[in-house]
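S.K.: no FASTA, just this:
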C-alpha cells in the first residue's frame with residue numbers, strides 16, 4: 001500500500017495515515033511529462049468516451065426531430081421546445097449536490113452509476129408514445145446526467161494541477177463537438193433503418209444512442225481510479241511525485257483537498273462565483289441552441305435531404321474540436337484565459353451576423369463554421385479558468401458546480417428563442433445569442449481586470465500582512481487568500 005494512502009480516502013476508508021512526502025523537493029519537467037502522460041493514457045480516453053455517450057444521448061432529440069419525432073408523437077405548437085428544455089430543470093437542481101457528494105461516494109463508481117442511469121432512460125425514450133411520456137423521460141435524463149459534467153471537471157482537478165488541466169479539460173469538453181460529428185454520422189446511417197420492424201427512424205436514433213451508455217457505466221469502475229493514492233496503475237514512487245507536483249501549489253494541502261463547510265461558505269460569499277456563473281449562462285445560450293438546432297439551421301439554409309444535413313454537421317463540429325484543443329494547449333503554456341475566451345466569442349458573433357445577413361447558402365454555412373469554432377473554445381476555457389483559481393477543494397466543488405448549474409439553466413430558455421414560428425430566419429434566436437455573448441464578454445473582461453489588480457497588489461506586497469504570525473503550513477492552507485497565490489486571468 002502506498003505511503004500516501006490515508007484515512008477517509010475516497011477509495012478505502014480504513015487505510016492508515018502514513019508518512020507524507022517532502023513537498024520542498026521538486027519534480028523535473030521530464031518526469032512531470034512522463035507522469036502526466038501516464039495519467040492521460042488511463043483517464044482521458046475514458047472520460048472522453050463517457051462524455052461522448054452523454055452528449056449524444058442528450059442532443060439525440062435534435063436528430064430525432066429530423067426523422068419525424070414531432071409528427072409521430074402528435075406534438076404541436078412549442079411542445080418540442082418544452083420537451084427539450086425540461087431536461088435542464090432536473091439537471092440544474094442536482095449539479096451542486098452531486099459535486100458535494102462525489103468524493104464520498106467514490107468518483108469512479110458514482111460516475112459509472114450515472115452512466116447506467118441515463119443510458120437506461122435514453123434507451124427507453126425510444127418507446128414513448130406521447131408528449132407526456134417524452135417529458136417524463138427528459139426529466140429523468142436530466143436527473144442522471146446532472147452530476148456527470150461538473151463531476152468530471154472536479155474529478156480532473158483531483159489529478160492535474162492548474163498548469164495542465166486546461167488541455168485535459170479540452171480533451172474532455174471537445175467531445176461536445178466530436179459528439180456532434182459522430183452523432184451526425186450515426187444518425188445519417190440510422191436514417192436508412194426507417195420503417196424497419198415498423199419503427200420510424202427517430203425511434204432507432206434514440207434506441208441506438210442509449211445502449212452504449214449502459215455498457216460504458218458498467219465498465220467505468222474497473223478502469224477509472226478514485227484518486228492518485230489508490231491508483232493501481234501507478235507505482236509508489238509515481239504517486240509520491242504526483243503528490244509533490246500537486247502540493248507545491250498554494251492551497252493544495254491534504255486538509256485543503258477535503259470538503260470543509262468554511263470553504264463552501266467562502267465560495268458563496270465570493271462575487272466572482274456569480275460572475276463566472278453569469279458567463280456560463282450566457283455561453284450556454286449559444287452552446288445548447290447551436291448543438292440542438294444546428295441540423296434544423298442547415299436544413300433551412302440550403303436544399304439538402306435530411307441524411308445530407310446530418311453529414312454536413314460533421315465538419316463544423318470537427319473544426320470546433322480542433323480549435324479548442326489548440327487553444328487549450330496555448331492556454332496551459334501561457335497561463336492565460338480571458339485573452340483566448342473573449343476573441344473566440346467575437347468569432348462566434350461574426351458567425352451569427354453571417355446567419356442574420358441571409359446573404360446566401362455559402363455565407364450562412366460559413367457562419368456555422370465560425371460559431372462552431374467559437375462555441376467550444378470560449379465555453380470550455382471558461383470552465384478551466386474558474387477551477388484554476390480555486391485551489392481548495394470545497395470552494396472549487398461548490399463554485400464549479402454552481403457555475404455549471406447556471407450554465408445549464410440556459411438550456412431552459414434556449415429552445416424557445418429558436419421557436420418554430422421564427423423559422424427559417426431565426427432572427428430572434430440569432431439576435432438573442434449575440435446579445436448574450438456581448439454580456440458574457442463584458443463580464444469576462446471585468447473578471448480579468450479584477451484578477452490582474454489582485455495580482456499586482458500581491459506583487460507589490462500590499463497583502464503580505466495576512467501572513468504575519470502564520471507558519472508555512474498555515475500560509476499554504478489559506479488557498480487563494482494567500483498573498484503567495486497568483487490568479488490566472
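M.R.: Arrived safely. Quantities reported herein were computed from a predicted structural model and do not represent experimental measurements.
S.K.: hey, let's count contacts and neighbours off CA atoms from now on
M.R.: Noted.
S.K.: what about the helices in the stretch 201-350 of the chain?
M.R.: 201-223, 236-247, 261-269, 271-301, 306-334, 338-357 (DSSP state H, counting those that start in this stretch).
S.K.: what's the burial count for residue 97?
M.R.: When neighbours are counted by other Cα atoms under 10 Å, residue 97 registers 16.
S.K.: Which helix or strand lies directly C-terminal to the helix or strand hosting it?
M.R.: Taking DSSP states H and E as the criterion, residue 97 maps to helix 79-101. Beyond helix 79-101 on the C-terminal side, the first helix or strand identified by DSSP H and E is helix 107-124.
S.K.: what packs against the helix or strand just after that next one?
M.R.: Downstream of helix 107-124, the next assigned helix or strand under DSSP H and E is helix 131-145. Secondary structure elements in contact with helix 131-145, counted by 3 or more Cα pairs under 8 Å, 6 or more residues apart in numbering; DSSP states H and E, are helix 79-101, helix 107-124.
S.K.: ok, back up a step: ok, which of the helices of the stretch 201-350 of the chain comes nearest residue 402?
M.R.: Of all those, the one in closest proximity to residue 402, counting by Cα to Cα, is helix 271-301 (6.6 Å).
S.K.: list the buried ones in that closest one?
M.R.: Under the neighbour-count criterion of 16 or more other Cα atoms under 10 Å, helix 271-301 has 272-301 buried.
S.K.: what helices or strands is the helix holding residue 97 leaning on?
M.R.: Contact partners of helix 79-101 among helices and strands, from 3+ Cα pairs under 8 Å, 6+ apart: helix 131-145, helix 148-157, helix 393-409, helix 414-417.
S.K.: looking at those helices, which is buried most?
M.R.: Of those, the one with the most neighbours on average (mean count of other Cα atoms under 10 Å) is helix 393-409, at a mean of 26.
S.K.: Hey, what's the angle from that one to helix 271-301? Just curious.
M.R.: 30 degrees (axes from the mean of the first three to the mean of the last three Cα atoms, to 10 degrees).
S.K.: which residues does the residue nearest to residue 280 when sequence neighbours are not counted contact?
M.R.: Nearest non-adjacent residue to residue 280, counting by Cα to Cα, 6 or more residues apart in numbering: residue 407, 4.2 Å away. Going by Cα atoms under 8 Å, 6 or more residues apart in numbering, residue 407 touches 277-284.
S.K.: The same query, at a cut-off of 6 Å, please.
M.R.: With contact set as Cα atoms under 6 Å, 6 or more residues apart in numbering, residue 407 has these partners: 280-281, 284.
S.K.: ok, so what distance separates the nearest residue to residue 80 once chain neighbours are set aside from residue 212?
M.R.: Leaving aside its sequence neighbours, residue 80 sits nearest to residue 70 (Cα to Cα, 6+ apart; 6.9 Å). For residue 70, the distance to residue 212 equals 25 Å [Cα to Cα, to the nearest Å].
S.K.: Including pLDDT, could the contacts of residue 407 go into CSV?
M.R.: Listed next are the contacts of residue 407 as CSV, based on pLDDT from 0 to 100:
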residue, pLDDT
280, 94
281, 95
284, 92
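S.K.: For this protein, which residues score under the pLDDT cut-off?
M.R.: 1-25, 176-177, 180-181, 184, 247-254 (pLDDT under 70).
S.K.: If we use 50, what do you get?
M.R.: Where the chain drops to pLDDT under 50, the residues are 1-19.
S.K.: coming back round to it: nearest to residue 465, out of the helices and strands packed on helix 79-101?
M.R.: helix 393-409 (23.2 Å).
S.K.: Report the distance from the closest one to the chain centre.
M.R.: Taking Cα atoms, centre = their mean, to the nearest Å, one finds the center of helix 393-409 at 11 Å from the center of the full chain.
S.K.: And the helices of the stretch 201-350 of the chain: which comes nearest residue 380?
M.R.: Ranking those by proximity to residue 380 (Cα to Cα) places helix 306-334 first, at 7.8 Å.
S.K.: in the closest one, what's buried?
M.R.: Here helix 306-334 shows 306-325, 327-332 as buried, counting by 16+ other Cα under 10 Å.
S.K.: name the helices or strands packed onto that helix?
M.R.: helix 165-173, helix 175-190, helix 361-388 (3 or more Cα pairs under 6 Å, 6 or more residues apart in numbering; DSSP states H and E).
S.K.: Out of these, which is closest to residue 28?
M.R.: Among the helices and strands packed on helix 306-334, the nearest to residue 28 by Cα to Cα is helix 165-173 (18.3 Å).
S.K.: Give me the distance between that closest one and the centre of its chain.
M.R.: 9 Å.
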